[in-house]
Structure formats: structure tokens, C-alpha cells
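Q: sharing a model prediction with you, sequence too.
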Amino acid sequence: MRDTKLIIFLQSLDKKQLKRLQKFITSPYFNEQKQPVILLNLLIRYHPTFESKQATKEKIYQKLFGKVTYNDAKWRRLSSTLFKLCEQFLAHELFNQDQGQSHLYLLRYYEEKGLIKHFNTSLKALREQQNKKQYQDAKFFYYEYLICLQAQIAFVLNKEDVRTPKYNQILQHIDETLEHYYFLSKLHISGLILNHSKVVQFDFEPSFISTILEHLETKEHVPPLISMYANMLQMINNENASPYFQALKKALQENTSEISTNDLRALTIFARNYCIAQINQGQEHYLQEWLDIFKSELNNLVIDRDTNISIGNFKNAVTSALRLGALEWVESFIETFIHHLPTSQQTDVYHYSKAHLYFYQKKYNASIQLLYQAEFTDIFYKIGARKILLQIYHELDEIDARDNLINSLRVFIHSKKELISPTFIESIRNFLNFLTAISKLLPSEKQQIAALKVELENTRVVTEKRWLLEQLRQV
């Protein structure tokens, strides 16, 4: 019973919400049936774990209907009825939290019924509420557009003269706010699409991008958030994107308190992903850029507001800091923030991160032991673990183990090519190719060593280039 939608929903509610739910379903306006109320009261006894031996559908059925034979169809119908009431309660709660939406429904009703005084009063209240909004994000401009539409309707209802500058301003504001809402939404989703296409195989080109960006360049005044999203899209969509990245980074630093949590997180993710793309192209100075952005997230509560860090960000933070030589920071970060990961993934990520740290500390046996203990489910952690093992085997001159792992990693990469971006695959394949070539060189082959060094230095897309160059120097 614990894996049913009804029980999972009830587990998501706190005690105050449960009390409001009880009031909701006992109200005749929302529910006239008694059995859903009784069922809810019985279930609440076992909230939140529902682990009691009495919390089975058969035993609760008997408490509902007496000592009769359990009827699964009847139980499912009653559970379904209660679950629908729970969903109605949630919709009611969310609607009440959005006062702007409730005012808009009132305005629609007052307009239909011709209740002009009521309409004017409600519109005034809606305007006052809108003026108190902290952030001018897409939602703000959406409501601003709807409010302006209602203001235009008010002109008609109040029989005011539409041949006035005031009416002209309302029409202009309708157009501007709709444009701002559309631009923010379009730039954001276009960025998501382009970013996604760089990670996985996804052939889709968002429409009107160049038109929007060219239009924004002609505007004297562009809202700061739209300007940030425009820089973000230019950053993703241009080869010479460094100026746009720097502009976005500066804007994020200067406007942190004026950007909503969702927009701050979204723009920060775009900036970090750009850094990762540049790192994968061999631009290693972006390691520090990535780490600076991530540290800023920690300091500015982008992560703390959500309490969790993704396993991808955790891995990238550890990798970037290790390559920059910040081993003490890595050790502190792992111990401090491992509990900000999803509980089910903490052990494997901890083992991987510590193993990576041990590799840089040349504690190879300790690193191998931790990597063998973990059973990674994330594909990038699987590849990363194999890469660390390869580096260790090469350092320890474990030739057979290294060569076997190179071959198996090639096969693994090929089998997962639909799940990985072409750039990432290229960087790993180049790593394997160069490591194979280095392992075959002899110290006396000076000309071949020099040629391979030039080739490696000129290859942009290769992971662990610095380490490979060091191995080549040691031949």
C-alpha cells in the first residue's frame, strides 16, 4: 500500500497541511461523502511512514466496513475518490497562494456581469499587488501584460475617451510587456535546446533567435534580465563567445539580489556549462572560471536555497579544483558538502571523489580500493572511474591491466555513444589514442616523441592533456 499514489501524496504533506486537508474534505461544499473522510482519518494515524503492521489495505478495509471479505475493486474506488479530493485540495491551496490569478478570475466575472465598480476595485488591488513584486522575471511580465489588458478593458467599461495619451500608453505597455515576456521565455528555452544539443544527439534549431537578438541590439533600453539571457544565448551560439560570457558573469555578480532564484540558477548553469565546453576544447584556463562560478553559487545560496548539489556539479567541482592544484579545498569540499547530494548517491560519489583526490596525492592503492568498492550508475562517473584507473595503471607500469582497460573503455564509449555528446566522446577517444601512442614509445625515439608532443599540444579536444604531456616528458 505504501507505493500507491494516495499514500505517497499523503507522505508529502506536513502536519499543518494534513489538518487543512481534513477541513477541506469534511466541508460539504467540496465533498458530501462520509467514507473518504473516515478513510483519511484512519490513514493519518500512520503518517508519515505508514510502516505499522496495521497500515495494510486489508486491515484498514475491515475498520471501514467491519469484518467482511476484502473487496479490492471497492477499495480501489474509495482510494481513488480520496486521492481526487486530495488533488482538488492541492489545486485549491496553490490557487489561493496565487492572489494575482484569483484577481484575474474576478475581473473576468465582473466584466461579464458589467459590475464596473467591482471591476475597478479588483483591478486597483491587482495593480498594487503587482507593484510589490521583488523580481521582474518572465512571470512578472506575464502578469503585467494581463493587467494592462484589463486596464484597456477598464477604459471601455468606464466609457473613457480612447483618443487620449493615457490610452495610447496602455496599448504601448501591452505590447512591451508581452514582448518582454515572450523574449525571456523564448531566450530561455532556446538556450536549453542549444545547450542540450551539445550534450546529446538532438537536431533541432530554435526559430527566430537571430531576429530577436538583432532586435534587442536596436533597443535603447532592455530590461537587465533580458540582457542577461541575450548574452547567455550569444555565448552558446557564437564561436567568439568570450565577451558574452564575461558580460554574463559580471551581470550575475552585480545583480544577484535582483534576480529570482530560478533565473539565477538557470543563468549560472548556462555559464558553468559554457566553461565545461571550453575546457573540453582544451581551454584549461576556464577551469578557474568554472570553479569561481561554483564557489559563488555556494556563497550566494543558489545551492543552499535548494539544499541539494547535483552529482555532475560535485564531480566537476572536484575535477576542476584538483587540476588547479587546490587539493586542500577539495578535501574540505568533499567532507563538507557530500551530504548535499541525494542520499542514494552519496556513497558512490564520496568514493569516486576521494579516489580522485588520492590519485593526485599519489596514493594509488587507496584510490584503486575505493573505485572497486563503488557501483556507479551515472555514465560520466563510470567513464571517469575507468579513466582514473587507466592513469593509475600507467603510473604503476601495470601494462596488461592498462591495455585491457583501454580496449574495454573504447567498447564502452562506442556502446553509449547515443547518450554522450560527440565532443565528450572525442575528448575521451583522443585521450585513449594518445595514451596508447605514449605507451609504445621508447626513450631513444626522440623524433617520434617530439612529433607526438606537437600533435598533442595542437589537439584541442582531449581530456587530461596536462597529464598526458607529463607522461610524454617522462618517456
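A: Received the coordinates, thanks.
Q: count of neighbours near the residue nearest to Tyr143 when sequence neighbours are not counted?
A: Counting by C-beta to C-beta, 6 or more residues apart in numbering, Gly100 is the residue found nearest to Tyr143 once chain neighbours are left out, at 5.2 Å. (Glycine included, C-beta is placed from N, CA and C.) Counted with other C-beta atoms under 10 Å, the neighbours of Gly100 add up to 16.
Q: need the longest helix for this structure.
A: helix 165-197 (DSSP state H).
Q: show me what that one packs onto, helices and strands only.
A: Contacts defined by 3 or more C-beta pairs under 8 Å, 6 or more residues apart in numbering; DSSP states H and E place helix 165-197 against helix 138-157, helix 209-217, helix 224-237, helix 261-280.
Q: thinking again about what came up before, just say helix, strand or coil for the residue nearest to Tyr143.
A: In terms of secondary structure, Gly100 is helix; the call rests on DSSP: H, G, I helix; E, B strand; the rest coil.
Q: highest mean neighbour count out of the helices and strands packed on helix 165-197?
A: helix 224-237 (a mean of 23; mean count of other C-beta atoms under 10 Å).
Q: on that earlier part again, give the buried residues for the longest helix of the chain.
A: 167, 170, 173-174, 177-184, 186-188, 190-191, 194-195, 197 (16 or more other C-beta atoms under 10 Å).
Q: burial of Lys387, as a residue count?
A: So Lys387, with other C-beta under 10 Å, has 20 neighbours.
Q: numbering from 615 from now on, please.
A: Noted, 615 is the first residue going forward, which turns the last one into Lys1001.
Q: and it, how far from Tyr1007?
A: 11 Å (C-beta to C-beta, to the nearest Å).
Q: repeat for Leu654
A: Distance of Leu654 to Tyr1007, given as C-beta to C-beta: 60 Å.
Q: just to revisit the earlier point, pLDDT on the longest helix of the chain, on average?
A: Mean pLDDT, helix 779-811: 95.
Q: same check on stretch 964-977?
A: For stretch 964-977, the per-residue pLDDT averages 97.
Q: just the buried residues of that stretch, please?
A: So for stretch 964-977, counting by 16+ other C-beta under 10 Å, buried means 964-974.
Q: could you list the low-pLDDT ranges of the stretch 815-964 of the chain?
A: 815, 914-921 (pLDDT under 70).
Q: mind redoing it with 50?
A: Counting by pLDDT under 50, the stretch 815-964 of the chain shows low-confidence ranges at 916, 918-919.
Q: tell me the gap between stretch 1062-1078 and the middle of its chain.
A: Here stretch 1062-1078 is found 35 Å from its chain centre; the criterion is C-alpha atoms, centre = their mean, to the nearest Å.
Q: quick one: the strands in this protein?
A: Counting by DSSP state E, the chain has no strands to list.
Q: per-domain residue ranges of it.
A: Per the record, the chain has its domains at 619-711, 1007-1089, by automatic domain parsing.
Q: what's the span of the last one, first residue to last?
A: Counting by C-alpha to C-alpha, to the nearest Å, the length from the leading to the trailing residue of domain 1007-1089 is 15 Å.
Q: likewise for the longest one?
A: End-to-end distance for domain 619-711: 24 Å, by C-alpha to C-alpha.
Q: again with stretch 842-862
A: 6 Å.
Q: count of residues packed around Glu945?
A: Glu945, neighbours per other C-beta under 10 Å, totals 16.
Q: correct me, but it touches Tyr972?
A: No: at 10.3 Å, Glu945 does not count as touching Tyr972 under the criterion of C-beta atoms under 8 Å.
Q: can you tell me the average pLDDT over stretch 1071-1080?
A: The model assigns stretch 1071-1080 a mean pLDDT of 91.
Q: which residues touch that stretch?
A: The contact list for stretch 1071-1080 (C-beta atoms under 8 Å, 6 or more residues apart in numbering) reads 894-896, 898, 937, 1001, 1005, 1037, 1040-1042, 1044-1045, 1048, 1070, 1082-1083.
Q: one more time with 10 Å, if that's ok
A: If you take C-beta atoms under 10 Å, 6 or more residues apart in numbering as the criterion, stretch 1071-1080 is touched by 892-898, 933, 937, 997-998, 1001-1002, 1004-1005, 1036-1049, 1070, 1082-1086.
Q: which of these are buried, as a ChimeraX select command?
A: The following ChimeraX line selects those of the contacts of stretch 1071-1080 that are buried, judged by 16+ other C-beta under 10 Å:
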select :892,893,894,896,933,937,997,998,1001,1002,1004,1005,1037,1038,1039,1040,1041,1042,1043,1044,1045,1046,1047,1048,1049,1070,1082,1083,1085,1086
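Q: out of the contacts of stretch 1071-1080, list just those in helices.
A: 892-894, 933, 937, 997-998, 1001-1002, 1004-1005, 1036-1049, 1070, 1082-1086.
Q: if we can go back for a sec, let me have the domains of the chain in JSON lines, extended by distance to Gln902.
A: Converted to JSON lines, these look like this (distance: least, C-beta to C-beta, whole Å):
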{"stretch": "domain 619-711", "distance to Gln902": "41"}
{"stretch": "domain 1007-1089", "distance to Gln902": "14"}
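Q: out of the ones you listed, which comes closest to Phe733?
A: Nearest to Phe733, of all the domains of the chain, is domain 619-711, at 20.3 Å by C-beta to C-beta.
Q: and that closest one, what's its mean pLDDT?
A: pLDDT averaged over domain 619-711 gives 95.
Q: next one: stretch 994-1006
A: Here the average pLDDT along stretch 994-1006 is 96.
Q: how far does it sit from the chain's center?
A: The answer for stretch 994-1006 is 25 Å, by C-alpha atoms, centre = their mean.
Q: keeping just the C-alphas, turn that stretch into CSV.
A: Extracted as CSV, the C-alpha positions of stretch 994-1006 are listed here (Å, rounded to 0.1, in the frame of the first residue of the first chain):
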residue,chain,number,x,y,z
PHE,A,994,30.0,10.0,-16.6
TYR,A,995,31.1,8.6,-13.2
LYS,A,996,31.6,5.2,-14.9
ILE,A,997,33.8,6.7,-17.6
GLY,A,998,35.6,8.9,-15.0
ALA,A,999,36.4,6.0,-12.8
ARG,A,1000,37.8,3.9,-15.7
LYS,A,1001,39.9,6.9,-16.7
ILE,A,1002,41.4,7.3,-13.2
LEU,A,1003,42.2,3.6,-13.2
LEU,A,1004,43.9,3.9,-16.6
GLN,A,1005,46.1,6.7,-15.3
ILE,A,1006,47.0,4.7,-12.2
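Q: for stretch 941-953, buried residues please.
A: For stretch 941-953, by 16+ other C-beta under 10 Å, it's 943-945, 947-948, 951-952.
Q: from these, which land in helices?
A: 943-945, 947-948, 951.
Q: tell me the contacts of Leu839?
A: 749-752, 754-755, 794, 797-798, 801-802, 865, 869, 872-874, 877, 881.
Q: what comes into contact with stretch 986-998?
A: 925-926, 928-930, 932-933, 958-959, 961-967, 969-970, 985, 999-1000, 1003, 1023, 1026-1027, 1030, 1033-1034, 1038-1039, 1042, 1077.
Q: what residues sit buried inside it?
A: 988, 990, 995-998.
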